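*Asks:* Predicted model and sequence follow; I will ask about them next.
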Amino acid sequence: MISENFTVEIDGDGIATITWDMPGRSMNVFTEAVMDEFDVLLDALVADAAVTGAIVSSGKPGSFTGGADLKMLLRLFADFSETKDADREAAIARLFAKSGRMSWLWRKVETCGKPFVAAINGTCMGGGFELALACHGRVAARGAAMGLPEVKVGLFPGAGGTQRVPRMTDTQSALQMLLKGTTLTAEKAEAMKLVDLVVEPDALLLEAKAMLKAGLSPVRPWDEKGFRLPSGPVYSAGGAQVWPAVASLYRKETRDNYPGARAIVKCVYEGLLLPIDAALRIEQRYFTQVLQTTEAAMMVRSLFVSAQALAKGARRPAGVPDTRLKTVGIVGAGFMGAGIAYAAAMAGLDVVLIDRDQTAADKGKAHSKTLAADLVAKGKMSEEKAEVLLSRITATPDYEALRGAGLVIEAVFEDRDVKAAVTAKVASVLPETAIYASNTSTIPITSLAETFADPARFIGIHFFSPVEKMPLTEIILGEKTGEQAPARAMDFVRAIRKTPIVVNDSRGFFANRCVLRYMNEAFDMVVDGVPPAMIENAAKFAGMPVGPLALTDETAVDLAHRIMKATMRDLGEDAVDPRHFRLVETLVNEGRHGRKAGKGFYDYPEKPAKKHLWPGLKAMYPQKTPDEVPFEELKQRFLVTMALEAARTMEEGVVTDPREADVGSIFGFGFAPFTGGTISYIDGMGAKAFVDLCDRLADRHGDRFRPTPLLREMAERGETFYGRFLPVDRKGEAA
Ligand code: NAD
């Protein structure tokens, strides 16, 4: 038996091995065609009396499947939004039928009467793992990774995941895994009873066959009489312990902002009260509902489609061939330089790490040693790998070592003169084909490029701290930056597995501009007497990962002070609210420089005690009572001020592609992910509603909330940012 995507071989024992290997793709994904073929194949195997059982396996080395095809999901969204106005009921019914296809098909496997074993040879995510869960047995290769990550893109596992996982493992572990979208190692999945056996990769098919030959039952436990749930019934003593805790955990983790997460809790709770077929229908109803939410549409677009497109280099100049960097030079082995060196060495690049003297350079390299030792201690890296990693980094004060570098990144002090001196030294040894990048956070790239003989090869690559954790980089184009430089910069960023956004040169680039607005809004609330705990909580309820005062502490209060002074120097005294300046200056004068000083807006007592807001802050301003402060409005102020700043960057042409503002805002500063990012937040509610909201806030809190002319125009015309700014040739990628 052979079809486009599957081959089937039947051995002498009647065991059919189905191998899924999609031609021309590096990874298997579920498309409509794949499901059609699988359906036909399933019927044929069931009808063939000679077939006693089947193994579902993948022909792709090290990977089973990445899950559902993006385009299939996007078609679902598009079809629904195009047809819903004409006949909503019919559109929902079609959505239910189409999105449920996978769920029904896996149930068909489960009840086909012949035993199926999933042979999980590697990465097995989403719908693929749900297929495996519907099989009668599961064997996984050591090293395979599996999970149901749908919640991370605003959805949830809607092909049986929410029903089979809590029928196979205890409710608490099931909910944790589903709500977090955790990726499991094969061993962890085995411990959770989600796979039956973990074996060495080359024994995978043999063991799968052995499982079938041993007489695997083609009936799942929940289809037998007397089935007992692993944690017992929902209405039982055990259930009474689990469920109240679930409700509070859910609220704490999600603040009830994510319809996908909410649906998981409901599906598990309601589904466990019912037989599997009814439970699967309930799951499908919730799935159909979640697909209709703005959150799901926006999150799928930004976190799935756009993030992938950008990571693959959607904004890379098309005509420039790919470069394979071998050696990268980094000058300035301080906080940032050391982090960039580690990220590059982890990606297998040779790194030349330069500082003023050997001691300073060594100190930068020592950072990698600490991080690697940490991984070794946690069992996540072998000692040999850690040694190889360190051997890739050459720490030296000698610029001659840069002669072989294809890219040099400067990360010295934020001082124009120091940077100019370093640039001249690098230029004297740099090959003519190499690219030079600055990691400056505030100095315009165009002006720094003036100190370099060939400004076409000069570019900004702005990293975020801590470099080893933050997934975003901003690539900043100077006025004279050519095409080679962004291409090389993106190849580097891709190699170290970060996502680049391309930004035109301007003060603060993109992310920092928005983040400063976030902090300023909090300062405004503080000086207005809003209780600081309310400020921090409002931000978290709005969906931000870190409160604005805690964030100011992390990035340093004295840095905020320096930025305010520089802004006043460059743009005039009026550019900074004097009340904000006094607040920050008072903290700095009292040595409250933030987390690094052990005190800032928070106090940081010795562990295990937890940080807490500095009581002195309340004493500085007459405090309002919580009743005097509309909490919802605090939340809106945070999101609106950042979204408005993002809109300004687009209006000014600093950011040219709305996908970059969206992905950049979530990856760069954690902008409420359920919105899909700063721009999708606006598009999601519509320009008109956003403009009205801005005007309301401006009337109450000041003109910083006044909508820009562009927003007013878009509101009048009913336009969206994606409709207006995404070039037609990119629309297919972003729907
Ligand atoms: P840092 O003070 O930790 O490190 C700077 C390093 O540069 C030091 O090790 C110093 O010895 C070295 N240096 C100074 N003069 C030198 C010279 N003439 N030759 C060689 N080395 C020299 O500073 P940092 O926080 O790593 O910042 C570095 C750059 O990165 C700055 O431009 C900063 O604006 C930018 N940046 C910082 C952050 C952040 O969060 N800290 C984020 C993004 C970008």
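*Replies:* Here it is on my side, so go on. Residues are numbered from 1 along each chain as shown.

*Asks:* which residues of the stretch 101-250 of the chain fall in helices?
*Replies:* Along the stretch 101-250 of the chain, counting by DSSP state H, counting those that start in this stretch, helices occupy 101-110, 127-134, 161-168, 171-180, 186-191, 204-213, 237-254.

*Asks:* Dump the longest one to PDB, restricted to CA.
*Replies:* In other words, helix 237-254. In PDB, the C-alpha atoms belonging to helix 237-254 read as follows (Å, rounded to 0.1, in the frame of the first residue of the first chain):
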ATOM      1  CA  ALA A 237     -12.900  12.900  48.300                       C
ATOM      2  CA  GLY A 238      -9.800  13.000  46.000                       C
ATOM      3  CA  GLY A 239     -11.600  15.300  43.600                       C
ATOM      4  CA  ALA A 240     -12.600  17.600  46.400                       C
ATOM      5  CA  GLN A 241      -9.000  18.100  47.200                       C
ATOM      6  CA  VAL A 242      -7.800  18.700  43.600                       C
ATOM      7  CA  TRP A 243     -10.400  20.900  42.100                       C
ATOM      8  CA  PRO A 244     -10.500  23.900  44.400                       C
ATOM      9  CA  ALA A 245      -6.700  24.100  44.200                       C
ATOM     10  CA  VAL A 246      -6.900  23.900  40.400                       C
ATOM     11  CA  ALA A 247      -9.200  26.900  40.300                       C
ATOM     12  CA  SER A 248      -6.800  29.100  42.300                       C
ATOM     13  CA  LEU A 249      -3.800  27.900  40.400                       C
ATOM     14  CA  TYR A 250      -5.500  28.600  37.100                       C
ATOM     15  CA  ARG A 251      -6.300  32.200  38.200                       C
ATOM     16  CA  LYS A 252      -2.900  32.800  39.500                       C
ATOM     17  CA  GLU A 253      -1.100  31.600  36.400                       C
ATOM     18  CA  THR A 254      -3.400  33.100  33.800                       C
END
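
*Asks:* How many neighbouring residues does whatever residue of the chain ends up closest to the ligand have?
*Replies:* Scanning the chain for the residue nearest the ligand gives residue 334, at 1.7 Å (criterion: CB to the nearest ligand atom). Yep, even glycine has a C-beta here, placed from its N, CA and C like the rest. A count of neighbours around residue 334, defined by other CB atoms under 10 Å, yields 15.

*Asks:* Surely it and residue 364 touch.
*Replies:* Yes. Here residue 334 lies in contact with residue 364, judged by CB atoms under 8 Å, at a distance of 6.8 Å.

*Asks:* I'd like the distance between residue 516 and residue 674.
*Replies:* Per CB to CB, to the nearest Å, residue 516 is found 23 Å from residue 674.

*Asks:* Identify the contacts common to residue 334 and residue 364.
*Replies:* Residues touching both residue 334 and residue 364 (CB atoms under 8 Å, 6 or more residues apart in numbering) are residue 355.

*Asks:* What segments of the stretch 351-500 of the chain are helices?
*Replies:* Along the stretch 351-500 of the chain, the stretches classed as helices by DSSP H, counting those that start in this stretch are 358-377, 383-391, 416-429, 445-449, 484-495.

*Asks:* can those go into JSON lines with extra columns for mean neighbour count and mean pLDDT?
*Replies:* Below are those laid out as JSON lines (neighbours: other CB atoms under 10 Å; pLDDT from 0 to 100):
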{"stretch": "helix 358-377", "mean neighbour count": "17", "mean pLDDT": "97"}
{"stretch": "helix 383-391", "mean neighbour count": "14", "mean pLDDT": "97"}
{"stretch": "helix 416-429", "mean neighbour count": "16", "mean pLDDT": "96"}
{"stretch": "helix 445-449", "mean neighbour count": "22", "mean pLDDT": "95"}
{"stretch": "helix 484-495", "mean neighbour count": "23", "mean pLDDT": "96"}
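
*Asks:* Would you format these as a markdown table with distance to the ligand included?
*Replies:* Output for the helices of the stretch 351-500 of the chain, formatted as a markdown table (distance: least, CB to the nearest ligand atom, whole Å):
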| stretch | distance to the ligand |
| --- | --- |
| helix 358-377 | 5 |
| helix 383-391 | 19 |
| helix 416-429 | 5 |
| helix 445-449 | 10 |
| helix 484-495 | 14 |
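
*Asks:* Which among these is found nearest to residue 103?
*Replies:* With CB to CB as the criterion, residue 103 lies closest to helix 484-495 of those, at 35.5 Å.

*Asks:* hmm, back to that, closest one to residue 678 among the helices of the stretch 351-500 of the chain?
*Replies:* Of all these, helix 484-495 sits nearest to residue 678, with 21.0 Å by CB to CB.

*Asks:* Now tell me what touches the closest one from outside.
*Replies:* Applying CB under 8 Å, 6+ apart, the contact partners of helix 484-495 are 311-313, 315-317, 320, 322-325, 328, 344, 347-349, 406-407, 435, 437, 456-459, 461, 473, 475, 477, 499-500, 502.

*Asks:* For the strand or helix carrying residue 567, buried residues please.
*Replies:* Residue 567 belongs to helix 557-571 when assigned by DSSP states H and E. By neighbour count with 16 or more other CB atoms under 10 Å, helix 557-571 contains the buried residues 557, 558, 559, 560, 561, 563, 564, 567.

*Asks:* Could you do stretch 195-211 as well?
*Replies:* Neighbour-count burial for stretch 195-211, counted by 16+ other CB under 10 Å, picks out 195, 196, 197, 198, 199, 204, 205, 207, 208, 209, 211.

*Asks:* Could you pull up the contacting residues of the third one?
*Replies:* Under the criterion of CB under 8 Å, 6+ apart, the contact list for residue 197 reads 138, 139, 140, 190, 207, 211.

*Asks:* hmm, who's touching stretch 563-577?
*Replies:* Taking CB under 8 Å, 6+ apart as the rule, stretch 563-577 contacts 442, 507, 516, 520, 523, 524, 580, 581, 584.

*Asks:* among the residues you listed, which ones are buried?
*Replies:* The buried subset of the contacts of stretch 563-577 - by 16+ other CB under 10 Å - is 516, 520, 523, 524, 580, 581, 584.

*Asks:* Show me the residues you listed that map onto helices.
*Replies:* The helices in this structure, assigned by DSSP state H, contain 516, 520, 523, 524, 580, 581, 584 from these.

*Asks:* got any ranges where this structure has weak pLDDT?
*Replies:* Applying pLDDT under 70 to the chain flags residues 1, 727-735.

*Asks:* Any residues of it in contact with the ligand? List them.
*Replies:* The chain comes close to the ligand at residues 331-337, 355-356, 360, 411-414, 418, 421-422, 439-441, 462-463, 465, as judged by CB under 6 Å from any ligand atom.

*Asks:* Emit the ChimeraX select command for whichever of these are buried.
*Replies:* Buried members of those, defined by 16+ other CB under 10 Å, are picked up in ChimeraX with:
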select :331,332,333,336,337,355,360,411,412,422,439,440,441,462,463
